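1. I would like to see how this sequence folds:
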Amino acid sequence: MVWNKHTKLQKVLFLVSFLFCLSGKAAGQSFVDATIALQRGDFEEALQIMRILADQGSDRAQYSMGYLLTQDENIEPDPDQAAEWYLKAANQGHVRAQYDLGMLYSGNGGIKKDMPSAIKWLRKAAEQGDGYASNNLARILLEATPTESDILEAVELFKRAATQLDGGHPETSLGWHYFTGEFAPMIPQDYEESLKWNRAGALKGHANAYSNIALHYFTGFGVEQNYSEMVRHLVRSADSFDSSLSWVTEDNQDEWEEFRHLAPEKFWRAREVYWESIKSANDVSLDALLPFLDSQQCDFELQSRR
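-> I've put the predicted structure just below:
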């Protein structure tokens with residue numbers, strides 16, 4: 001059924017049409033018509049109705065036009081035109097348009113990459129309280145060669161996003177940066193802070209947070225070295241992993257490889273089993289991990305997990 005394939009967009013249009021109906025504006029009926037057209041699969045009519053409203057200056061319709069032209073699989077994508085509609089809505093203060101426009105300019109959508117513009121619009125959305133904008137702006141600010149002010153702003157953005165988002169992404173990012181110390185002295189290498197933020201991310205179910213905590217227990221940095229806890233957190237990471245996020249990449253593996261000199265070969269073999277288990281959408285288990293770990297170093301009670 002068409003509704004199931006376009007639930008997110010239809011919810012956006014339904015909410016917009018509902019708000020317009022409450023306000024008593026005649027244009028509200030057009031938003032309803034656009035939603036109905038989308039439900040019955042008439043995407044061209046939905047686009048035509050939305051374009052009329054957008055031309056009349058509705059920031060909601062302008063945002064919906066941008067969304068339709070980038071996110072709907074049944075409408076031929078036109079990222080350049082979508083950016084124009086997002087820009088119209090963003091200039092009117094539409095926070096989601098500001099966020100989506102910023103992400104388009106960051107190279108996530110098919111238009112020419114423009115990082116100053118990406119930062120500009122993500123910052124505007126973040127200032128309006130959009131947690132995703134804060135998190136992604138922080139990430140972008142730390143790419144390439146960040147200045148001292150970039151790093152300090154990123155820390156504040158991650159902390160703000162941590163109060164706004166449920167997924168644990170900003171907490172886990174902060175935890176990782178405190179672990180590596182790569183942005184010292186602005187983000188010093190501080191294992192206690194790393195554990196604090198990774199544990200906060202783990203409480204929200206972020207798979208990377210569990211993996212980062214496992215690294216703490218493996219290295220003994222900030223905690224007493226404990227291979228049993230390492231394995232337990234690797235298993236929790238696998239259990240928390242959402243295969244649709246696809247964070248298990250070669251890039252992620254490279255980050256762990258930085259610590260190869262700290263790790264016996266059996267640990268890296270365990271990681272390989274862990275990655276392969278996730279990639280094949282199977283839960284990793286201690287039965288898969290323990291053959292690659294020295295039983296004298298890992299006295300985990302296997303029976304309690306069966």
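
2. number of nearby residues for residue 224?
-> 7 (other C-beta atoms under 10 Å). Heads up, the C-betas are built off the backbone N, CA and C, glycines and all.

3. Am I right that it sits in a strand?
-> No - assessed with DSSP: H, G, I helix; E, B strand; the rest coil, residue 224 is coil; it does not lie in a strand.

4. Do you know the pLDDT at it?
-> The per-residue pLDDT reported for residue 224 equals 92.

5. Same check on residue 71?
-> Model confidence at residue 71 (pLDDT) stands at 80.

6. Any idea how many residues pack against it?
-> Residue 71 has 16 nearby residues by other C-beta under 10 Å.

7. Could you check how far it is from residue 232?
-> 39 Å (C-beta to C-beta, to the nearest Å).

8. Check residue 109 too.
-> 40 Å.

9. Which stretches in the stretch 151-300 of the chain count as helices?
-> Along the stretch 151-300 of the chain, counting by DSSP state H, counting those that start in this stretch, helices occupy 169-180, 191-203, 207-219, 227-240, 250-257, 265-279, 286-289.

10. how about the one helix or strand residue 86 maps to: buried residues?
-> Residue 86 is located in helix 79-91, with elements delineated by DSSP states H and E. For helix 79-91, burial by neighbour count (16 or more other C-beta atoms under 10 Å) applies to 79, 82-90.

11. will you turn the residues you listed into JSON lines that also has pLDDT and distance to residue 125?
-> Listed next are the buried residues of helix 79-91 as JSON lines, based on pLDDT from 0 to 100; distance: C-beta to C-beta, whole Å:
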{"residue": "79", "pLDDT": "92", "distance to residue 125": "18"}
{"residue": "82", "pLDDT": "94", "distance to residue 125": "16"}
{"residue": "83", "pLDDT": "96", "distance to residue 125": "15"}
{"residue": "84", "pLDDT": "96", "distance to residue 125": "18"}
{"residue": "85", "pLDDT": "96", "distance to residue 125": "16"}
{"residue": "86", "pLDDT": "97", "distance to residue 125": "11"}
{"residue": "87", "pLDDT": "97", "distance to residue 125": "13"}
{"residue": "88", "pLDDT": "98", "distance to residue 125": "15"}
{"residue": "89", "pLDDT": "97", "distance to residue 125": "12"}
{"residue": "90", "pLDDT": "98", "distance to residue 125": "8"}
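
12. Including distance to residue 205, could these go into a markdown table?
-> Output for these, formatted as a markdown table (distance: C-beta to C-beta, whole Å):
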| residue | distance to residue 205 |
| --- | --- |
| 79 | 32 |
| 82 | 32 |
| 83 | 34 |
| 84 | 38 |
| 85 | 35 |
| 86 | 31 |
| 87 | 36 |
| 88 | 37 |
| 89 | 33 |
| 90 | 32 |
